[in-house]
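Participant: I would like the atomic coordinates for the input below:
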Amino acid sequence: MDFLQSFLVFLHILGAAIIVGLWFARIKNPTVMPGQFHGALLQLVTGLALVAVAEMGDGDVNHMKVGIKLLIALVIAVMAFIGQRKYKKDEPVGKGLANGVGILTIVNIALATMW
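Facilitator: Alright, predicted model coming up:
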C-alpha cells in the first residue's frame, strides 16, 4: 500500500508540474496548452485515488481540505478544457483564462503543502 501511495503522489506532483511548467513556459504570451488539460485530469484522478487510499488505511482525512482542493481542481480542469479547445481551433485564449489555470494550480499546491 505504501508503494501505491508513493506512486500516486509522484503522478499527482507530475500533473501539477505539467500545468505550472507549461504556464511558466508561455508566461509572456499566456495561453492554455493541451498538456495542461491532461495534467489537470491527472491531478483529479490521482487526487481522488489518494483520498481513497487514505480512507482505506489508518490515515485521517481532512474532508474540508479535500473538498476545497477538489472544487479548485475541477475549476482548473474546466478552464484548461475550454482553453485547450480554443487553442486547438486557433482561437485566441484570454490571458485571464490562461493565467487562471496556472495561478489556481499554485493555490492548490499551496493548500496541499501549508494546510
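
Participant: pLDDT of the top helix by length along the chain, averaged?
Facilitator: Using DSSP state H, we find that the single longest helix of the chain is helix 63-88. When the per-residue pLDDT values of helix 63-88 are averaged, the result is 97.

Participant: quick one: the residue most central in space within the chain from residue 26, how far?
Facilitator: Residue closest to the mean C-alpha point of the chain, counted by CA atoms, centre = their mean, is residue 40 at 4.0 Å. Shown here: residue 40 relative to residue 26, a distance of 16 Å by CB to CB, to the nearest Å. In short, each C-beta sits where N, CA and C put it, glycine included.

Participant: Can you show me the helices along this protein?
Facilitator: 2-25, 34-56, 63-88, 95-114.

Participant: Please work out the angle formed by the directions of the third one and helix 2-25.
Facilitator: Between the axis of helix 63-88 and that of helix 2-25 there is an angle of 50 degrees, by axes from the mean of the first three to the mean of the last three CA atoms, to 10 degrees.

Participant: got the buried residues for helix 63-88?
Facilitator: 66, 69, 72-73, 76-77, 79-84, 86-87 (16 or more other CB atoms under 10 Å).

Participant: and these as JSON lines, adding distance to residue 101?
Facilitator: Below are these laid out as JSON lines (distance: CB to CB, whole Å):
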{"residue": "66", "distance to residue 101": "21"}
{"residue": "69", "distance to residue 101": "15"}
{"residue": "72", "distance to residue 101": "11"}
{"residue": "73", "distance to residue 101": "11"}
{"residue": "76", "distance to residue 101": "6"}
{"residue": "77", "distance to residue 101": "9"}
{"residue": "79", "distance to residue 101": "5"}
{"residue": "80", "distance to residue 101": "5"}
{"residue": "81", "distance to residue 101": "10"}
{"residue": "82", "distance to residue 101": "10"}
{"residue": "83", "distance to residue 101": "6"}
{"residue": "84", "distance to residue 101": "10"}
{"residue": "86", "distance to residue 101": "12"}
{"residue": "87", "distance to residue 101": "11"}
